[in-house]
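[1] Output the structure for:
(2 chains)
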Amino acid sequence: MTERTATLVVLAWNRWDLTRRCLDSLRQTDLTGADVIVVDNGSTDETPQALVPYSSWLKVIRNPRNLGFVGGNNVAIGEAEPDSDVVLLNNDVEFRQPDWLQKLRRCTHSAPQAGIVGCRLILPDGRLLHAGTFIVPDTMWGQQIGSLEKDVGQYTRTREVDGIVFACAYLRREVLDAIGHLSVDFESYFEDTDYCLRARRAGFKTYVCGDVTLIHNEHGSTAGDDGEFTRIFQASRDAFRKKWGRSLESRYKGEVLWQSIMNFPTGYAASTREILRALERRGVRASYRYVYGPGTPYPVEEPEPGGDYLMNVISRRNGSPAIGVVYGQADVFHKNRGRRKVGFTMLEVDGFPSDWVRQANRMDEVWVPTEFNRLGFLESGLKRPIHKIPLAVDPDYFHPGIQGFPNPSGEFVFLSNFEWGERKEPWLLLKAFNDVFSNAEPVRLVCKIINKDPAVRVRDEIRRLRLKDSGGRISFIFNREFPYYQLGAFYRSADCYVSAGRGEGWDMPLMEAMACGLPAIATDWGAHTEFVHEGIAYPLKVRRTVPAVAKCPYYEGFFWADPDPEHLRFLLREVYENREEAKGRGAAAAREMGERWTWEHSAEKIIARLQELER
Amino acid sequence: MSHPARTIAYLEARIAVLERRLAERSAALRAVARDACDEDLINLSRAAMGLPPMPRAGFGLRGWKETTTLAPSEVEATMRELWRSVTPPNFGDGE
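    Purely as a prediction, here's the structure:
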């Protein structure tokens, strides 16, 4: 590792209370190989006098007036040793991690082509404020990634990003030498994104070192002065648009109209959001339209978009991309508005209904996530080209480092998460678990159940199973909806995940649990065969296929799996008795999900198809 | 019988009675523990400590609220509530 020294620059303008907290906490950390400069940017409060006792361990530069964020920092950058890296710090950050600087330095000098490295910033109440930034040319307003979610341990790896906020920015000397100081085009705001873009143009990359987290009392220095904030912000935004607008637009190498579902708690909606995000990152300008609503099999209007900034931008984009992708059930493929039409769907049984096939045959091509569905479509009469586009998992939200809430009593916890109904075959798992364990054993099954069908009385159905009081203990989490970003914390609260249903189109919950490092018992049929195998999970044997009898009309005439109850009992006991082996498979699953099954992989395959269709 | 000897005899008899009662009570509690559900056991122990019963958290069939409406919930709060509902309270070392 390079033993490069670093000059830490703390910019202060009034608010001595913040500066004092910043400096006092900073001094408690490992400052080996660092010197500290405080820039007093013309403070009119007690800051100048209060800094005097600190001069034994830091250097104070006093500007006669407030030179703004850019001017103040540039003065200090000029004062830094010429061979030293520079770390810019706001005075409203607080340090609770002793090795923050050493980790940032290590990251900067080890990540490929790293020029600028930031960290995770959390608010004092524990919400995640920043894990990097992105900016879209539609609005020219930089957005912080992970903004204001509860901190569950998301974004803890080192990731390349578009930009970072300069509340904490480690600038490698080579970058400073190559592109110089912060741009004086900006008094405050946008100077950080501008700097990251300039660095990128010079061949450097920007990273967030997820291993470092600082507390940030955002806008501490300008809080309470909205008029001043607006004036500075608008001026900087105009300057930024003029400078970078065309360059940001030119990042897009393709476009697509994505017709699907986005603002519902469904798998299609969750995967739509992830796919659109990944496409945007990879330079595909996607527009979105809701494909269901009145006149479709799902006549419900889509709710207004939530607080997801990028999704809101994508939803409001106009234009008519040549390629339209309908991502949903194939009975809405006819709503495709593209000149080149793609239908992207999946189903949980071994074939596809004739209406779906009829509509699919009017597409230019069809996408499905699995070989299981590809074969099912072809056997059902599909004549159009069909390609496999796998679904995936977000490794920043689903990984073994996510903070769970395990049972403090130490019980071993099996977890299952499903919508009540024939396809999920819940009675099989409930009976098997209750049979194979006794209530004297420290083990529990937690079932998170959703039921939206008023004709179904779940409690009565469970009672009819006559589960034994002396058998394995089961808890139910009924009709509770967790924020999607917190699901990793849910999975991390258990020891083993079980998905023992009859058929899946993909099974995102299973994949997410596996990415979180849980060993999983999963029916060895259908979509599961795409990513579940002995090395990383416990495939559950299937006795045979049986007619898919359920309320869902799409299943009529097709077959699905009949999971083996004996084998399920065996596997439950096997995992419980051999926990180290199970942990090993869970860890292997997490690695494999992170390496092979991310949304970046899905987007890569989608982009390859879009490019082919554009020819 | 001298006064100290009487006292000792009285105390020994008293101990024997208490031991018998303890054995009977233990046997009764074991019988309850065999047949009662977690929730009842927790509430029994809470009652013995003069605490009110746990609120019905809805994680078992008895506390279940049958509905088709999804309730927005936080994972942390839900899991803590769930574990509290199935774990007997810790009263320390009996001090």
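[2] buried sites along stretch A:141-155?
    For stretch A:141-155, a neighbour-count test (16 or more other C-beta atoms under 10 Å in any protein chain shown) marks A:141-146, A:149-155 as buried. (Glycine included, C-beta is placed from N, CA and C.)
[3] er, stretch A:582-589 I mean
    Quick answer for stretch A:582-589 (16+ other C-beta under 10 Å): A:582, A:583, A:585, A:586, A:588, A:589.
[4] quick one: contacts for the third one?
    Looking back up the chat, that one is residue A:585. Contacts here follow C-beta atoms under 8 Å, 6 or more residues apart in numbering or on different chains; on that basis residue A:585 touches A:519, A:535, A:536, A:537, A:538.
[5] follow-up on the earlier one: with respect to residue A:226, which of the buried residues of stretch A:141-155 is nearest?
    residue A:141 (16.7 Å; C-beta to C-beta).
[6] CSV for the contacts of residue A:585, including secondary structure, neighbour count and distance to residue A:476?
    Shown next, in CSV, are the contacts of residue A:585 (DSSP: H, G, I helix; E, B strand; the rest coil; neighbours: other C-beta atoms under 10 Å in any protein chain shown; distance: C-beta to C-beta, whole Å):
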residue, secondary structure, neighbour count, distance to residue A:476
A:519, coil, 27, 22
A:535, coil, 10, 32
A:536, coil, 21, 28
A:537, coil, 29, 24
A:538, strand, 24, 23
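[7] sorry, back to before: and the buried residues of stretch A:582-589, which is closest to chain B?
    Of all those, chain B sits closest to residue A:586, with 18.8 Å by C-beta to the nearest C-beta.
[8] related to what we said a few turns ago, pull the most distant pair out of the buried residues of stretch A:141-155.
    Farthest-apart pair in these is A:141 and A:153; separation 27.6 Å (C-beta to C-beta).
[9] hang on, the earlier thing: any chance of the buried residues of stretch A:582-589 in TSV with distance to residue A:19 as columns?
    What follows is the buried residues of stretch A:582-589, written out as TSV (distance: C-beta to C-beta, whole Å):
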residue	distance to residue A:19
A:582	51
A:583	47
A:585	51
A:586	46
A:588	48
A:589	47
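[10] can you list those residues in CSV and add distance to residue A:160, secondary structure and pLDDT?
    Shown next, in CSV, are the buried residues of stretch A:582-589 (distance: C-beta to C-beta, whole Å; DSSP: H, G, I helix; E, B strand; the rest coil; pLDDT from 0 to 100):
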residue, distance to residue A:160, secondary structure, pLDDT
A:582, 34, helix, 98
A:583, 31, helix, 98
A:585, 30, helix, 98
A:586, 28, helix, 98
A:588, 26, helix, 98
A:589, 25, helix, 98
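[11] Point out the residues in the stretch 401-550 of chain A that sit beside chain B.
    The stretch 401-550 of chain A comes close to chain B at residues A:404-405, A:407-409, A:439, A:444, A:446, A:450-454, A:457-459, A:462-463, A:469, A:473, A:475-483, A:486-487, A:489-490, A:493, as judged by C-beta under 8 Å from any C-beta of the partner chain.
[12] before we move on, what about chain A?
    So chain A meets chain B at A:150, A:152, A:265, A:404-405, A:407-409, A:439, A:444, A:446, A:450-454, A:457-459, A:462-463, A:469, A:473, A:475-483, A:486-487, A:489-490, A:493 (C-beta under 8 Å from any C-beta).
[13] And the strands in chain B?
    Assignment of strands within chain B using DSSP state E yields the ranges B:71-72.
[14] Show me the helices in it, by range?
    Secondary structure of chain B (DSSP state H): helices at B:3-35, B:38-48, B:75-86.
[15] Can you show me the CA trace of the second one as CSV?
    What follows is helix B:38-48, C-alpha atoms only, in CSV (Å, rounded to 0.1, in the frame of the first residue of the first chain):
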residue,chain,number,x,y,z
ASP,B,38,-45.7,-20.9,24.7
GLU,B,39,-48.0,-18.0,25.0
ASP,B,40,-49.8,-19.4,28.0
LEU,B,41,-46.5,-20.2,29.7
ILE,B,42,-45.2,-16.8,29.1
ASN,B,43,-48.3,-15.2,30.5
LEU,B,44,-48.3,-17.6,33.5
SER,B,45,-44.7,-16.6,34.4
ARG,B,46,-45.6,-13.0,33.9
ALA,B,47,-48.6,-13.4,36.2
ALA,B,48,-46.4,-15.0,38.8
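[16] Quick one: distance of it to the chain centre.
    4 Å (C-alpha atoms, centre = their mean, to the nearest Å).
[17] Spatially central residue in chain B, please.
    Chain B has residue B:45 as the residue nearest its centroid, 1.8 Å off, counting by C-alpha atoms, centre = their mean.
[18] Would you double-check that residue A:213 falls in a helix?
    No - under DSSP: H, G, I helix; E, B strand; the rest coil, residue A:213 falls outside any helix and is assigned strand.
[19] Could you list the low-pLDDT ranges of chain B?
    By pLDDT under 70, the weakly predicted segments of chain B are B:1, B:37-39, B:53-57, B:88-95.
[20] Spell out which residues of it are next to chain A.
    Near chain A, when you scan chain B using C-beta under 8 Å from any C-beta, you find B:35, B:37-38, B:58-61, B:64-76, B:78-80, B:82-83, B:85-87.
[21] So for stretch A:344-360, what gets flagged as buried?
    For stretch A:344-360, the buried set under the neighbour-count rule, 16+ other C-beta under 10 Å, comprises A:344-353, A:356-360.
[22] For whatever residue of the stretch 501-615 of chain A ends up closest to chain B, give me the pLDDT.
    Closest contact between the stretch 501-615 of chain A and chain B, by C-beta to the nearest C-beta, is at residue A:516 (12.3 Å). Turning to residue A:516, the model gives it a pLDDT of 98.
[23] That one - how many residues pack around it?
    Neighbourhood size, residue A:516 [other C-beta atoms under 10 Å in any protein chain shown]: 29.
[24] Apart from its chain neighbours, what residue comes closest to it?
    Closest residue to residue A:516 apart from its sequence neighbours, by C-beta to C-beta, 6 or more residues apart in numbering or on different chains: residue A:491 at 4.3 Å.
[25] low-scoring stretches of the stretch 451-600 of chain A, by residue?
    In the stretch 451-600 of chain A (pLDDT under 70), no residue qualifies.
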